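Asks: Sequence plus the predicted model coming up.
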Amino acid sequence: MRPIGLIAIVIGAALFAYLAWRRTTSTMYYRSANSSIRPPHVRPEDYEEWVMARRKRWRLVKTVAAAVLGAIVGGLLFAMIDSGLSRH
């Protein structure tokens, strides 16, 4: 693969990861309707820590998934553009 193709993949991955990160962090600290429902034997502080840890893990998973998707999209776009340019 040519270096320009790798650059397109990296740019796509970075853009998608950035957008996913911004989207998942914008609502991360808001309480959802279900976050006030906790098991009776768990202290509110412990439950809050558990909820925040779970949200952080999901934020990371979504960001990585978006980066992979961005790399795929960037690679496909570059392949389509490159194949069109090589015909001329």
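Replies: It's in.

Asks: where do the helices sit along this protein?
Replies: With DSSP state H as the criterion, the chain has helices at 3-26, 44-86.

Asks: and residue 63, how many neighbours?
Replies: Using other Cβ atoms under 10 Å, the number of residues around residue 63 comes to 20. Using the backbone N, CA and C atoms, a C-beta is placed for each residue, glycine as well.

Asks: where in this protein is pLDDT low?
Replies: Scanning the chain for pLDDT under 70 picks out the ranges 1, 27-36, 86-88.

Asks: which residues touch the residue nearest the centre of the chain?
Replies: Centrality entry for the chain: nearest residue to the mean C-alpha point is residue 63, 1.9 Å, by Cα atoms, centre = their mean. Applying Cβ atoms under 8 Å, 6 or more residues apart in numbering, we find residue 63 in contact with 17, 20, 21, 24.

Asks: distance of it from residue 8?
Replies: To residue 8, residue 63 is 20 Å away according to Cβ to Cβ, to the nearest Å.

Asks: Mind listing what's buried along stretch 12-30?
Replies: 12, 13, 16, 17, 20, 21, 24 (16 or more other Cβ atoms under 10 Å).

Asks: now, among the residues you listed, which is nearest to residue 81?
Replies: Of all the buried residues of stretch 12-30, residue 12 has the smallest distance to residue 81: 12.3 Å, by Cβ to Cβ.

Asks: I figured the closest one hits residue 66, correct?
Replies: No. At 10.2 Å, residue 12 does not count as touching residue 66 under the criterion of Cβ atoms under 8 Å.

Asks: Residue 72: which of the contacts of residue 63 is nearest?
Replies: Looking across the contacts of residue 63 and measuring by Cβ to Cβ, the closest to residue 72 is residue 17, at 12.6 Å.
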